[in-house]
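Asks: With the sequence up front, the predicted model follows.
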Amino acid sequence: MTRPETSPSVRLQLGVCDYPEHVPEDRWSAYAQQQRQLGLTYVRIAEFAWGRMEPRSGEYDWAWLDRAVEAYHAAGMRVVLCTPTATPPAWLVRFHPEILPYDAQGRVREFGSRRHYDFASPVYREHSRRITRVMAERYGQHPAVAGWQTDNEFGCHATSRSFGGASAAVFPGWLQQKYGTLEALNEAWGNVFWSMEYTGWDEIRPPHLTVTEPNPSHVLDYARFSSEMIRQFQAEQVAILRELSPGRFITHNFMIFESGFDHYEVARGLDFVTWDNYPTGMLEYFAPPGIREDVKTRYARTGHPDLIAFNHDLYRNLLEGRGALGREGADSPNGFWVMEQQCGQVNWAPYNPLPADGAVQLWTAQAWAHGADVVSYFRWRAATMAQEVMHSGLLRHDETPDRGFAEVQALDLGSFPVGNVPARVALVHDYESLWAYDAQPHNAAATYWQQTVTYYSALRSLGVDVDVISASADLTGYVLVVAPAITLVTAEMASRWTAAAQGGAFLVCGPRTAFRTPGGATWTDGQFGPLSTLVGARLLQYDSLRPGVTQDISGGHTAHTWAESYRLQGAQATHTYQGGPLTGQAAVIRHGNVTVIGASSESLIQDVLRGALQEAQVVTADLPEGVRLSRRAGHTLVQNWTAEPVPWQGRVLPPTSFEVMHDQ
Amino acid sequence: MTRPETSPSVRLQLGVCDYPEHVPEDRWSAYAQQQRQLGLTYVRIAEFAWGRMEPRSGEYDWAWLDRAVEAYHAAGMRVVLCTPTATPPAWLVRFHPEILPYDAQGRVREFGSRRHYDFASPVYREHSRRITRVMAERYGQHPAVAGWQTDNEFGCHATSRSFGGASAAVFPGWLQQKYGTLEALNEAWGNVFWSMEYTGWDEIRPPHLTVTEPNPSHVLDYARFSSEMIRQFQAEQVAILRELSPGRFITHNFMIFESGFDHYEVARGLDFVTWDNYPTGMLEYFAPPGIREDVKTRYARTGHPDLIAFNHDLYRNLLEGRGALGREGADSPNGFWVMEQQCGQVNWAPYNPLPADGAVQLWTAQAWAHGADVVSYFRWRAATMAQEVMHSGLLRHDETPDRGFAEVQALDLGSFPVGNVPARVALVHDYESLWAYDAQPHNAAATYWQQTVTYYSALRSLGVDVDVISASADLTGYVLVVAPAITLVTAEMASRWTAAAQGGAFLVCGPRTAFRTPGGATWTDGQFGPLSTLVGARLLQYDSLRPGVTQDISGGHTAHTWAESYRLQGAQATHTYQGGPLTGQAAVIRHGNVTVIGASSESLIQDVLRGALQEAQVVTADLPEGVRLSRRAGHTLVQNWTAEPVPWQGRVLPPTSFEVMHDQ
Amino acid sequence: MTRPETSPSVRLQLGVCDYPEHVPEDRWSAYAQQQRQLGLTYVRIAEFAWGRMEPRSGEYDWAWLDRAVEAYHAAGMRVVLCTPTATPPAWLVRFHPEILPYDAQGRVREFGSRRHYDFASPVYREHSRRITRVMAERYGQHPAVAGWQTDNEFGCHATSRSFGGASAAVFPGWLQQKYGTLEALNEAWGNVFWSMEYTGWDEIRPPHLTVTEPNPSHVLDYARFSSEMIRQFQAEQVAILRELSPGRFITHNFMIFESGFDHYEVARGLDFVTWDNYPTGMLEYFAPPGIREDVKTRYARTGHPDLIAFNHDLYRNLLEGRGALGREGADSPNGFWVMEQQCGQVNWAPYNPLPADGAVQLWTAQAWAHGADVVSYFRWRAATMAQEVMHSGLLRHDETPDRGFAEVQALDLGSFPVGNVPARVALVHDYESLWAYDAQPHNAAATYWQQTVTYYSALRSLGVDVDVISASADLTGYVLVVAPAITLVTAEMASRWTAAAQGGAFLVCGPRTAFRTPGGATWTDGQFGPLSTLVGARLLQYDSLRPGVTQDISGGHTAHTWAESYRLQGAQATHTYQGGPLTGQAAVIRHGNVTVIGASSESLIQDVLRGALQEAQVVTADLPEGVRLSRRAGHTLVQNWTAEPVPWQGRVLPPTSFEVMHDQ
Ligand SMILES: [Zn+2]
Ligand SMILES: [Zn+2]
Ligand SMILES: [Zn+2]
């Protein structure tokens, strides 16, 4: 998790997303110069410009883009180019309608917005490689070009999976390659249940429009298949860019809480990852279901710090140190970017409030403190046409500087040195568990993200820095490993967790841990399957609580949503259920360094984590509501996310504010 | 309603649903012996096993099933075999995609779960007969085989009706057979309205995707048609089983509050009926809309007694004494079964709580008291794969006995002698009225089931045993007949009700009684059509009340949802409306033995029913909330369905408990 | 806005909708005579009777309709005939399935109810002209025939737009005619955004099933196209009727708050317009989202006066004096009609309450006071078959007079002289703004109708008469012009508004005024585009407030939903924001006679309007909740719409009542 220290002169850098094709050419130079004067370093362009680069099949028009790149170059901006594959043009779609994706209702998803393609389409793959190649040939070695972004926001608008067409055609072959024989597939999926056994590969379809719920193993493999299609799609572009644009970085801008593919797999081969940070839209639109309306109201103008921070901590660790190239050579930052940073109102949530005064600065500072090396604002000037006219930019429609502009201008970048985030706590995150969990939640209020964010938020409320890591990540160096919702556990994971615990790390798991096999079945010896010895217990009961039904726990805690109990086989019960069908049974168990929390209870989770942190000798702080601490490179960022002044440690933190403190 | 007395040694028997194909063969003998030791008599198997019986078209594999049957036989278990037609295998579906059903949105419902067939498909009918025949040929006379279950849960997952494909193709011919001429059909449906008259049979489609609501007569006939397809589908299986499996019973396991077909018609020809009793899922998922959230919360761990009891009382009387064969000869029980009895958490409701301690025993005792002769638990071991991994069984995934196992083990079957349920009150239930009622509810909060269950629950709260009977049932022997929602009344029904009233029976009807003709129109002389003379009144107004708008009634009652008033033509008003547009008009009318209640008001309904019961000399008891009495074979089952102790008649009933009292 | 005075003997006239084909022929004469005796003048017939006029393709049957018309004629009733094109018969649909429309989900909308046709279908257009011609040939000069209604309720059941089939085929050609070149279209729509530029006309589809929201300019043009199809469809019928039925009026019965087409365009060429007034269903089903549940409950039995009045004031001014023919010659009324007036419960809303006692009279009186010259009740006898059996008529199913009959009988038509509505205030309404506004609301609680009705209701609560006028209407004669939601402003509109202000009229605009160009983009110089000089300001910020987040404004007001602020360029701020990101910025601005209100705040809107009215020397009254004043022909109608007596000006207004006062 440790990246080499960079020289003290390396600070956070800023960028912006710009669309020269949206404005008259007479603006290009002036905009580029204005961007540079504002202190911006990077400009991302050409993201959706396929139609202008290739107005008709095989007819390329580079002149305009040449001039645009030169305008940025002349102003000293570093250019990030995008492959424009998120928006195949009309001529391509109408000539090859077979590239269109299908929704879960079996309907073709039409041309007329963006992301209207199926990752599995061999035809679209060919065109994706072609446009990538010609772009890279022309701009791959241009001195202004710093690097590349592939496509845009994989998975956005529920596009990770297509339920027909190309994906439906390719899926059986992928299964055949994975399982070899139908016998193996039928066994792995448990297809004997409900006579679902297949006798020919071409009998298999995407898991949709079934009379009642489809087989979760079928769902799980369709998710894996779809994820692999995305990985292949991007890998093809990356290979071409590597060949034709040496020394330039390649990245992708990932989404908020996107669930449709395995980000760890897809990110492999990138130099670093970026993500698109829209705090107010995130809270309103992407928040896990556990986030109540009053929280949405209270944080409407800033977003919720923990939701944002979770994504920072996820994407900071997405590559896990594999294959980092470095943007500018040895002495330069290698961390993740925020490729699109909200700098005013968004337009796509049900409600789109103005950010609070100071919010743009606070978001920027938080991104820095969680490891971002570049924050790039979306977008330069608000669009005056089409779908996003109501989305803000640094400039308004009429080209006057908007509120975000002034906040960016006032930033002191010298306060933001790059360097390591000193997290000693890891939170384990796994897309396959997510898919399995949400395929059969067993409780309408339970989701993978809700459970995971609850644990994450408890850690943040204790003032602790966290690495969100994959289930296959190395655990070395962490004193506490938290696995809130890892329901799908392999033998390999079990042995790694066991080694970590034996090495002295503390391990805290949530309910349903190791309920499922990798195939999506249950272990025939029950939960915890391969973790049983480590945990020293087996599952006894699990209880799905409707709203209004709760379950008391010793220590004054109350469970909602979920409560499971254990049969002890070496472990000790530290908390037991009181009242109801689980009376007297173990709610929290401890076996050596390993603790399992069986119940959904925010106070219980916080208590257990506080205890584990103290045992692990991690300093904790019980932070006031909305106050957060984040550490990087020897500094601590103190943040007040509320709209009120908050007293803290002998002083008062102003509303929507931050302070960078030099650590002693 | 009276069945012959059985010998006192005949008691409630128990069974279990088992799926040997889901577990390794080395478990079969041990499981069968363990079942027998637990006191179980019956084991239901092969329900969804078509794929294993016929892995490829025409290639049968009986060896495994032979061995499974022998294992149960050796252990002394009596086997119930199922025709496996609820799960046509993939090879059949892909070779004959025309057997797939269509949903109401016009989409094909896909393979990948269960019930993916259209009852009207001649192709599927042929395969249904074929698989039934080969199974019956092989096992029809096996000594271990006690009887047969056809298919599984007709109608589950909204499969009673298919809106395309085979059903769409067969429907016009069915109409031609019914009406003879298009003139007759157009007249019957009132197609002159909106120029809907047909000029060719093939112009007629299922009533779906119309621009606004379809003609209710069209809807009604499509429901009848679909119901008849189910009847024919099963009758074909029954005929084959009768031929090839002499002396064995034939039954079907019906669903909770299933509305999609006429159960009376479909059940004809069975020896007895069974149903699948899932009390917690029923309350959470199948409860009529009138059941409020606080009720769902209060009874989350037991289900609501009246919802369960209604289904018992419905299915006990479904066959109305017609053609009962007797399972084991003259001296054996002939009552209905619970074929699938929840014995732990289910997995298919939005929330799936653990049952309360004692709930499995309480459900079993209640089933007995309402006339069940066999209660068969679902399922032996929790499934370790596919869609139902989170559904409980008597054994857990890891083969340890789950909580339900212990409760079954502790049952004293000697307390549960079989015999008659001494109901003197009948509640009339009619699927055609249900279809007509729900096709045009006129009030979003009004449904047939809600109205029917309200009356039923009022009777149960007065401690009275009830027969739920069909609209065509003989009324002889009942002192009170309650018709809560019989909106579709024929002349034949009118004369039977009149005869009952003349014979001294009291009759209480709800609003909208006899609003419609059998064809789904209104009577041109208005409600009550052919019942007018009996009722001594005609409809004056009907009022559909939104939430928040109520209507006062004399006697301190308040109507919600519905209020209708009457013009008296011989009847007397016993309650009148106060305030609003109905002021001074009759809310409840009485004509001889006949009472009509025009308003939705729980307290009013209870008052009127209490009065009628007292006049009819039926002893009533005002039971505390959650306490219920059920009588059978000279015993009374006192039940406390609440989670608290309840004082009752000088003693305290423990939470979730029952007591069998010998009647004086 | 001024129509010639009519002679004092001309009073409100009444009518009824009747369906002789629904009842036995032996009723026809008696019904007609009973209608005449009730004081009715007009009877509208044959509305959905295509199937009876042409039972098979080309086989006409006029005999029954001849006899029906004669029956009305003999009784002295004046007949309004309808072209029956809202209900193409089954034989036509099955022979020409290409006339069926598609819904927004891409599904064919099926035969089996009504309005199952696509306005753009050339095949259906031909049949529409044919049936219109043969009807007009037969009845066009019949002495009993007073006039014609085209079709029925254009747009009802979301039928204004079809998203496939004929409309999809015709749309590209319509675009080609509008834009000439694809370059012009791509520029107008801003298709450079997201590479949406087209390279062939046939690449363009309806804006549906796109992966995320479609381009609002695409949506806007599809709305214009669909509206034009309706206009053409009707114009073809009108031309035939003009030719063959000289001296008869032609009208159409428009819908409550229908948004799917430009009513001003479609109405052109009619003699007068009519609309269908269902107050209780309107409140329950068609009310803009801002109408809260408690308001729906309080006005459940009368509907809300302002919702009804808005439609009256809209339809009174729909033709704007263009081409009025006069129904019966010079001395007769030329105002709009209520073609269908609810006279009992409806059947199509979620809840369908009985009207309050007096409501039918109150609705009739209100219609008169807002300019209606004829009120025609729907329907004579309640239908005894098909979709509308639960809808009331003046007669019940059993032919007894229903409550509405008695209220109509008791009306004193002499109290209702026809004449002008003396409105000096205009409220500007624009369908293109509606489409643009609702395509991108930016706030889930904001809609065009909600914003427009809020301003209208504020004016009504101040006792002021209002003309709802189109955005292209002449403003001469108005002392106050209110433009609540005119977001799409052309240069022509700007110059007309400027002229009005210069001429002394006061102008009050709501937020988002002139945000968009006519093409649906934003002005590149920002809001207010061409209105900037008149307004003396530019847009600074706009804020979209979620429920629970509010924004304080000076003067004690509070904004919800929306708050926008302005940069002053000559205007003065009369109210400023307090707290939050808009602190200190202008909330309401005034520039000469022009005021812009930037915030959603009922009290603020009422205050500003009250002030503007007083400056414009319009007398205002602060009316109690539910009391309304409406003026016509020298009289004032005082109305109490509440269920309680209300003290007002020294007397008590009884519940659900009105009083006609002769103005001093
Ligand atoms: Zn420092
Ligand atoms: Zn006994
Ligand atoms: Zn007068």
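Replies: Everything's here; your move. Because the structure is predicted, anything quoted here is derived from the model rather than measured. Numbering: from 1, shown residues only, chains lettered A, B, ... in the order given. Ligands and ions are numbered 1, 2, ... in the order given.
Asks: Could you tell me how many residues sit around the closest residue to chain C within the stretch 401-550 of chain A?
Replies: Nearest residue of the stretch 401-550 of chain A to chain C, counting by Cβ to the nearest Cβ: residue A:403, 7.1 Å away. Just so you know, the C-beta spots here come from the backbone N, C-alpha and C atoms, and that holds for glycine as well. By other Cβ atoms under 10 Å in any protein chain shown, the residues close to residue A:403 number 21.
Asks: ok, now which ones touch it?
Replies: Residue A:403 sits next to A:344, A:354, A:355, A:357, A:360, C:541, C:581 when contact means Cβ atoms under 8 Å, 6 or more residues apart in numbering or on different chains.
Asks: what's the answer for residue A:288, then?
Replies: Residues near residue A:288 by Cβ under 8 Å, 6+ apart: A:257, A:447, A:449, A:450, A:453.
Asks: Up against chain B, what does the stretch 201-350 of chain A have?
Replies: By Cβ under 8 Å from any Cβ of the partner chain, the part of the stretch 201-350 of chain A that sits against chain B consists of A:202-203, A:205, A:207-218.
Asks: so residue A:10 touches residue A:414, yeah?
Replies: No. With the criterion set as Cβ atoms under 8 Å, residue A:10 and residue A:414 do not qualify as a contacting pair; they are 11.3 Å apart.
Asks: quick one: which of the two has more around it?
Replies: Looking at residue A:10 and residue A:414 with other Cβ under 10 Å, you find the greater number of neighbours at residue A:10, namely 18 against 10.
Asks: could you measure that one against chain C, distance?
Replies: In this structure, residue A:10 and chain C are 33 Å apart, going by Cβ to the nearest Cβ, to the nearest Å.
Asks: Can you tell me the closest non-neighbouring residue to residue A:57?
Replies: Setting aside the residues directly before and after it, residue A:57 is nearest to residue A:91 in space (Cβ to Cβ, 6 or more residues apart in numbering or on different chains), at 5.6 Å.
Asks: And stretch A:174-183, end to end?
Replies: Stretch A:174-183 stretches 15 Å from its first residue to its last (Cα to Cα, to the nearest Å).
Asks: Work out the gap between that stretch and the centre of the chain.
Replies: Centroid displacement of stretch A:174-183 relative to its chain, using Cα atoms, centre = their mean, to the nearest Å, is 31 Å.
Asks: hang on, the earlier thing: could you give me the buried positions within the one helix or strand the residue nearest to residue A:57 maps to?
Replies: Here residue A:91, judged by DSSP states H and E, is contained in helix A:90-95. Buried residues in helix A:90-95, counted by 16 or more other Cβ atoms under 10 Å in any protein chain shown: A:90, A:91, A:92, A:93, A:94.
Asks: now the residue lying closest to the first one once chain neighbours are set aside: how far from chain B?
Replies: Residue nearest to residue A:90 in three dimensions, not counting chain neighbours: residue C:203, with 4.4 Å by Cβ to Cβ, 6+ apart. Plainly put, residue C:203 is 27 Å away from chain B if you go by Cβ to the nearest Cβ.
Asks: related to what we said a few turns ago, just the contacts of residue A:403: which are in helices?
Replies: Residues from those lying in helices, with DSSP state H as the criterion: residue A:360.
Asks: Pull the number of nearby residues for the residue in chain A positioned nearest to chain C.
Replies: Nearest residue of chain A to chain C (Cβ to the nearest Cβ) works out as residue A:385 at 2.5 Å. The number of residues packed around residue A:385, counting by other Cβ under 10 Å, is 23.
Asks: how about the nearest residue to residue A:283, chain neighbours excluded?
Replies: Of all residues not flanking residue A:283 in the chain, residue A:303 sits nearest, at 4.7 Å (Cβ to Cβ, 6+ apart).
Asks: my read: that neighbour touches residue A:280, true?
Replies: Yes. Contact criterion Cβ under 8 Å: residue A:303 and residue A:280 qualify, at 5.3 Å.
Asks: longest helix anywhere in chain A?
Replies: Looking across chain A with DSSP H, the single longest helix is helix A:216-244.
Asks: quick one on the thing from earlier: got JSON lines for the buried residues of helix A:90-95, with pLDDT too?
Replies: Putting the buried residues of helix A:90-95 into JSON lines (pLDDT from 0 to 100) gives the following:
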{"residue": "A:90", "pLDDT": "98"}
{"residue": "A:91", "pLDDT": "98"}
{"residue": "A:92", "pLDDT": "98"}
{"residue": "A:93", "pLDDT": "98"}
{"residue": "A:94", "pLDDT": "96"}
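Asks: OK, contacts around the residue nearest to residue A:425 when sequence neighbours are not counted?
Replies: Spatially, and ignoring its direct neighbours in sequence, residue A:425 is nearest to residue A:480 (4.6 Å; Cβ to Cβ, 6+ apart). Contacts were defined as Cβ under 8 Å, 6+ apart; by that measure residue A:480 touches A:424, A:425, A:426, A:505, A:506, A:507, A:508, A:612, A:613, A:616, A:618.
Asks: how far does stretch A:43-58 stretch from start to finish?
Replies: Counting by Cα to Cα, you get 28 Å between the two ends of stretch A:43-58.
Asks: what distance separates it from the centre of its chain?
Replies: With Cα atoms, centre = their mean as the basis, the distance from the averaged C-alpha position of stretch A:43-58 to the chain average is 27 Å.
Asks: quick one: low-confidence parts of chain A?
Replies: Low-confidence segments of chain A, defined by pLDDT under 70, span residues A:1-9, A:321-334.
Asks: doesn't residue A:76 make contact with residue A:43?
Replies: No. With contacts counted by Cβ under 8 Å, residue A:43 stays clear of residue A:76, the gap being 10.5 Å.
Asks: Can you give me the buried ones in stretch A:635-655?
Replies: Judged by neighbour count (16+ other Cβ under 10 Å), stretch A:635-655 contains these buried residues: A:635-643, A:646, A:648, A:653, A:655.
Asks: whoops, stretch A:52-60 was the one
Replies: Of the residues in stretch A:52-60, those with enough neighbours to count as buried (16+ other Cβ under 10 Å) are A:52, A:53, A:54.
Asks: Just the closest residue of the stretch 151-300 of chain A to chain B, please.
Replies: For the stretch 151-300 of chain A, the residue closest to chain B is residue A:190, as judged by Cβ to the nearest Cβ, at 2.4 Å.
Asks: Can you tell me how far that residue is from residue A:529?
Replies: Noted for residue A:190: a distance of 16 Å to residue A:529, by Cβ to Cβ, to the nearest Å.
Asks: ok, now residue A:346?
Replies: In this view, residue A:346 and residue A:529 are 43 Å apart by Cβ to Cβ.
Asks: cool, and residue A:284?
Replies: With the distance defined as Cβ to Cβ, residue A:284 ends up 39 Å from residue A:529.
Asks: Check residue A:98 too.
Replies: Plainly put, residue A:98 is 42 Å away from residue A:529 if you go by Cβ to Cβ.
Asks: neighbour-wise, which of those two wins?
Replies: In this view residue A:98 and residue A:529 are compared by other Cβ under 10 Å, and residue A:529 has more residues nearby, 25 against 14.
Asks: what about the longest strand in chain A?
Replies: Residue-count comparison of every strand in chain A, with assignments taken from DSSP state E, identifies strand A:557-568 as the longest.
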